[in-house]
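> Only the shape, not the letters, is given here:
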């Protein structure tokens, strides 16, 4: 049922060119009692927030359950999620575009748009688990104060890729593939052990032993 | 208005191409090619090389931009000093593809992950091609090779060229308008190389037409697993030239392979009029039993009729003894133009004919020994001489037809492979000269 509500919501949004007026008209169009609607969602905004979360859940399950995923490094796991995510969004590009184009009312500070809030929570949880795993396997360097911020950096990158894809006009979104590959590689290169770590370590040593 | 400076932002952008330690420059190529012939040459000579040379400035450019720059400078000199053009070093260098990107590319192309299509698929690339990489897999218990291309390569090539074009023109001191045709030619060939479906089509055409050549082998391609960015073929056994020579093949085997290579090109040029224009050692696999495998049909040059009949007419002795015919060809090939003074026309024609006669030497005798280093050195020396000619240096426009770019390159590549292979080849087995002679016969009668 949740499934149906989501697809009906997307359909109505695209056809109306805006969000449905209220739960009553939305439910009526769907051929459902208004009170039944509340079993699944508390408001139309909740549907909106739920859509991206619902998609992410599906992408995550699908990707992490594939055989090849288990043998991937952290970097490759993240890449796999990104590719699958953009692939999933493709089927609803018009809707995604509409949502991202919506004027954000939280001026002057651009915040996370409401419709991405729940997605953000889930993505960050996923990213956190992945970076922790990476720290365990030494793929990612554990750095004081910084380690906690890795997941936020990855979320920023996730947003960047979605925005990039929405503006991408290359055939078959080839450029988005390259953007994913390059940005995730950069993120993991930054999180991995780098000469900077050795430099800091050496600097500290010199400072303490001068 | 004369353009006196390059806009600084463009210079800045161009700086991105400049990478320290990029040993792929022109002088490196020169050094390398000399070294192949004479291993005793050391690097000092390379460093001593004329540092102010335009070519050096261009050698700082990377990737597809370098390729264009090289091709252009080659045109300016008619013959490149770096005649053994190791062009394979100067291509777009794509980073490796990650596992998930490979899977993604397959899903986009065929709707399935490689693991679902093939019995085995090695996620680790066994070979990096210039714009992609090669993976080993098993299909129907057969070992196969899959070439996968990095996404967005065509776009990158286009933007690389946009940035480098004005700079290259400036450095070469050439007129942009005049050169547009050459740039277009190179650009279109580079872009064609990014289309694997086209490569598939061409490989089928050429391999079918050349299937009858003894000792020449082609691989089988799989249409159902080929897309714009994925090319699937049977694995080809064999060694690259360098490794093959380490096995000390007998002279007989060398000649056999050399002959297969020669016949392959002879038939393509004179019969198909469409030629595998990338004869660098990496595209051929040699076997100890004297068989030659051909791979990679990314770069194929189709030879227009009119160009063919004029360009190759210079190899027919009966035709070039007649100055009227030579002049007509020089004009058609745009080696000389009406703006040149009579004197300049004569000097350039003489230089060009001298070079042509030298390059045509293998065609004159029924057989030719490419192992003869004197011959290769002579080409090299003459090229150097021609490039220093004042008349050519002063000329701001490019000379020669744009079609000659890839044809010249093809023959330089072919000669240098045969030279390294030290092969003796029967060069006069097919008669294509009669057709050329007949084409020009009416004029021959008219002038005499």
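Thanks, I have it. Every value quoted in this text rests on a predicted model; they were computed, and no experiment measured them.
> switch to C-alpha atoms for all contacts and neighbour counts from now on
Noted.
> neighbours around the residue of the stretch 251-400 of chain B found nearest chain A, how many?
Closest approach between the stretch 251-400 of chain B and chain A, counting by Cα to the nearest Cα: residue B:298, at 20.3 Å. By other Cα atoms under 10 Å in any protein chain shown, 23 other residues sit near residue B:298.
> surely it meets residue B:192?
Yes. The criterion here is Cα atoms under 8 Å, and residue B:298 meets it with residue B:192 at 7.1 Å.
> any common contacting residues for the two?
Here residue B:298 and residue B:192 have residue B:198 as joint contacts, going by Cα atoms under 8 Å, 6 or more residues apart in numbering or on different chains.
> Can you pull the residues of chain A lying near chain B?
Proximity of chain A to chain B (Cα under 8 Å from any Cα of the partner chain) is limited to residues A:76-77, A:79-80, A:83-84, A:170, A:174-175, A:177-178, A:181.
> ok, of those residues, which come out buried?
Neighbour counting with 16 or more other Cα atoms under 10 Å in any protein chain shown marks A:76-77, A:79-80, A:83-84, A:174-175, A:177-178, A:181 as buried within those.
> rewinding a little: please settle this for me: is the residue of the stretch 251-400 of chain B closest to chain A part of a helix?
No. Assessed with DSSP: H, G, I helix; E, B strand; the rest coil, residue B:298 is coil; it does not lie in a helix.
> mind putting the residues of chain A next to chain B in a markdown table, pLDDT included?
Output for these, formatted as a markdown table (pLDDT from 0 to 100):
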| residue | pLDDT |
| --- | --- |
| A:76 | 94 |
| A:77 | 94 |
| A:79 | 95 |
| A:80 | 94 |
| A:83 | 95 |
| A:84 | 94 |
| A:170 | 87 |
| A:174 | 90 |
| A:175 | 91 |
| A:177 | 93 |
| A:178 | 92 |
| A:181 | 93 |
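> So which of these belong to helices?
Using DSSP state H, the members of those that fall in helices are A:76-77, A:79-80, A:83-84, A:174-175, A:177-178, A:181.
> Closest one to residue A:24 out of these, please.
Checking these against residue A:24 by Cα to Cα gives residue A:84 as the nearest, at 34.9 Å.
> ok, the nearest residue to that closest one once chain neighbours are set aside - how many residues close by?
Leaving out its chain neighbours, the residue that sits closest to residue A:84 by Cα to Cα, 6 or more residues apart in numbering or on different chains is residue A:59, at 6.3 Å. Residues lying near residue A:59 (other Cα under 10 Å) number 22.
> From chain B, how far off is residue A:59?
14 Å (Cα to the nearest Cα, to the nearest Å).
> so when I look at that residue, I'm seeing a helix, right?
Yes. Checked against three-state DSSP, residue A:59 lies within a helix.
> Pretty sure it sits against residue A:86.
No. Counting by Cα under 8 Å, residue A:59 stays clear of residue A:86, with 9.6 Å between them.
> Wait, residue B:222 touches residue B:233, no?
Yes. Contact criterion Cα under 8 Å: residue B:222 and residue B:233 qualify, at 5.7 Å.
> okay, those two: which has more neighbours?
For residue B:222 versus residue B:233, neighbours defined as other Cα under 10 Å are more numerous around residue B:233 (20 against 14).
> Looking at strand pairing, list the partners for that one.
Residue B:233 has the following beta-bridge partners by DSSP bridges: residue B:145, residue B:221.
> dump the residue contacts of it.
By Cα under 8 Å, 6+ apart, the neighbours of residue B:233 are B:144-146, B:219-222.
> Apply 6 Å and report the result again.
B:144-145, B:220-222 (Cα atoms under 6 Å, 6 or more residues apart in numbering or on different chains).
> likewise residue A:118?
residue A:53.
> Pull up the gap between the spatially closest residue to residue A:49 that is not a sequence neighbour and chain B, please.
Computed as Cα to Cα, 6+ apart, the closest residue to residue A:49 that is not its neighbour in sequence is residue A:115, at 4.2 Å. Residue A:115 sits 27 Å away from chain B, going by Cα to the nearest Cα.
> Make sure I have this right: residue A:115 is in a helix.
Yes. In this structure, residue A:115 lies within a helix as judged by three-state DSSP.
> Hmm, it is touching residue A:50, no?
No. Between residue A:115 and residue A:50 there is no contact, the gap being 7.6 Å when judged by Cα atoms under 6 Å.
> what residues go with each domain of chain B?
Following automatic domain parsing, one gets these domains for chain B: B:8-93+B:153-192, B:237-448.
> which residues pair with residue B:292 across the strands?
Per DSSP bridges, the residues bridged to residue B:292 are residue B:216, residue B:286.
> was I right about it contacting residue B:219?
No. Using Cα under 6 Å, residue B:292 is not in contact with residue B:219; the gap is 11.1 Å.
> Pick out whichever of those two has more residues nearby.
residue B:292 (25 against 18).
> what's that one in contact with, if anything?
So residue B:292 contacts B:216-217, B:257, B:285-286 (Cα under 6 Å, 6+ apart).
> With residue B:412 as the reference, measure out to it.
Distance of residue B:292 to residue B:412, computed by Cα to Cα, to the nearest Å: 19 Å.
> From chain B, how far off is residue A:130?
Residue A:130 sits 16 Å away from chain B, going by Cα to the nearest Cα.
> Next up, identify which helix or strand that residue is on.
Using DSSP states H and E, residue A:130 sits in helix A:117-136.
> How about residue B:134?
Under the criterion of DSSP H and E, residue B:134 resides in strand B:132-139.
> and the stretch 51-200 of chain B, which residues reach chain A?
B:100, B:151-152 (Cα under 6 Å from any Cα of the partner chain).
> Strands of the chain, start to end?
If you meant another chain, say so; for now it's chain A. Under the criterion DSSP state E, chain A carries no strands.
> To clarify, I was referring to chain B.
B:120-121, B:127-128, B:132-139, B:142-149, B:216-218, B:230-234, B:274-276, B:284-286, B:292-294, B:300-302, B:367-369, B:424-426.
> which stretch in those has the least confidence?
Lowest mean pLDDT within the strands of chain B: strand B:127-128, at a mean of 74.
> So which of the contacts of residue B:292 is the closest to residue B:420?
residue B:257 (12.1 Å).
> ok, and the closest non-adjacent residue to that closest one?
residue B:290 (5.5 Å).
> Look up phi and psi at that neighbour.
phi 90, psi 20 (degrees, to the nearest 10).
> which stretches of the stretch 301-448 of chain B have low pLDDT?
For the stretch 301-448 of chain B, the stretches with pLDDT under 70 are B:383-384, B:387-388, B:391-398, B:447-448.
> Neighbours of residue B:239, how many?
20.
> now it: how far from chain A?
Distance from residue B:239 to chain A, by Cα to the nearest Cα: 33 Å.
> Residue B:429 now?
Taking Cα to the nearest Cα, one finds residue B:429 at 48 Å from chain A.
> Measure how buried that residue is and give me the count.
Neighbour count of residue B:429, defined by other Cα under 10 Å: 12.
> Ok, residue B:140 next?
9.
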